[in-house]
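my questions are about this predicted structure, shown below with the sequence.
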Amino acid sequence: MNEKGKLIVISGPSGAGKSTVVFKAIENRSDVCFSTSVTTRKPRPGEVDGKEYFFVDLDRFREMVENDELLEHAEYVANSYGTPKAYVEQKLESGMNVLLDIEVQGARQIHEKMPEALMIFIVPPSLDELRNRLEKRGTETQRAVEARLIRARQEYEEADFYDYLIVNDDADRAAAEFSAIITAEHCKFADRKDILKNT
Ligand code: 5GP
């Protein structure tokens, strides 16, 4: 059996309900952990440093890029985001599946560096619905909402390298699909063929 964990990348427009789906899907799974990203974005009300993100300034972010401390990094609507490398490598080595919630440019970097990573794209039922959700959430200015909708359209155009697409029209169903994908991934013949030798 392959003891190493799997890297699971989820992307999709912010406001698509990704985190709700993922939390529902993994609450009963002890084999999946989240990677916490660094960002130069300012915390939203209620966000805690070290929980949703490590909030850093641009100088510190650039230093992390220069020191090769990030597995991938990208800009999203005027802010920088990146995945700290050490945490991910250590968890994968220990056999945990590691989940990255990242946008499409960063996901493409991962796909190129680590083609075995599982790539999942989660979308809301429509972009009108996304606008409603973003406006209702109320954490972004109207201008930022428009910028995020433009970015969402661009991401749809670029997303053809993902393995799976989940439409979040019902969070429970979407979570069940998400969990089924992870389970199926662990049943792959190539990962399990040693079982046949040892039986
Ligand atoms: P938000 O500002 O809404 O928390 O996130 C904006 C976007 O940045 C989301 O699509 C989210 O998936 C993405 N994001 C969060 N962390 C990272 C990261 O470490 N790297 C990349 N490339 N994107 C990230």
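That came through, no problem. Residues are numbered from 1 along each chain as shown.

all contacts plus neighbour counts: C-alpha atoms, from now on.
Will do.

so who does residue 14 touch?
Counting by CA atoms under 8 Å, 6 or more residues apart in numbering, residue 14 touches residue 148.

cool, and the one 3 residues further on?
Neighbouring residues of residue 17 by CA under 8 Å, 6+ apart: 124, 168, 171.

repeat for residue 36
50-54, 83-84, 100.

what about the residue nearest the centre of the chain, distance to residue 119?
Geometric centre of the chain, nearest residue: residue 101, 1.6 Å, by CA atoms, centre = their mean. Separation of residue 101 from residue 119 (CA to CA, to the nearest Å) stands at 10 Å.

what do the two both touch?
9-10.

and for residue 170, the neighbour number?
12 (other CA atoms under 10 Å).

hmm, I was thinking of residue 62
13.

over to the one 5 residues further on?
With neighbours defined by other CA under 10 Å, the count for residue 67 comes to 9.

distance of it relative to residue 101?
23 Å.

same question, residue 31
17 Å.

buried sites along the helix or strand hosting residue 128?
Element membership of residue 128, judged by DSSP states H and E, is helix 127-137. By 16 or more other CA atoms under 10 Å, the buried positions in helix 127-137 come out as 127, 130-131, 133-134.

what does stretch 146-161 give?
For stretch 146-161, by 16+ other CA under 10 Å, it's 148-149, 151-152, 155, 159.

just the CA atoms of that stretch, as PDB, please.
C-alpha atoms of stretch 146-161 as PDB (Å, rounded to 0.1, in the frame of the first residue of the first chain):
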ATOM      1  CA  GLU A 146     -17.500  42.800  -9.700                       C
ATOM      2  CA  ALA A 147     -13.700  42.000  -9.800                       C
ATOM      3  CA  ARG A 148     -14.400  38.600  -8.300                       C
ATOM      4  CA  LEU A 149     -17.100  37.800 -10.800                       C
ATOM      5  CA  ILE A 150     -14.800  38.800 -13.700                       C
ATOM      6  CA  ARG A 151     -12.100  36.500 -12.200                       C
ATOM      7  CA  ALA A 152     -14.700  33.700 -11.800                       C
ATOM      8  CA  ARG A 153     -15.500  33.800 -15.500                       C
ATOM      9  CA  GLN A 154     -11.700  33.700 -16.400                       C
ATOM     10  CA  GLU A 155     -11.300  30.800 -14.100                       C
ATOM     11  CA  TYR A 156     -14.100  28.800 -15.800                       C
ATOM     12  CA  GLU A 157     -12.200  29.300 -19.100                       C
ATOM     13  CA  GLU A 158      -8.900  28.100 -17.700                       C
ATOM     14  CA  ALA A 159     -10.200  25.100 -15.600                       C
ATOM     15  CA  ASP A 160     -10.000  22.400 -18.200                       C
ATOM     16  CA  PHE A 161      -7.100  20.600 -16.400                       C
END
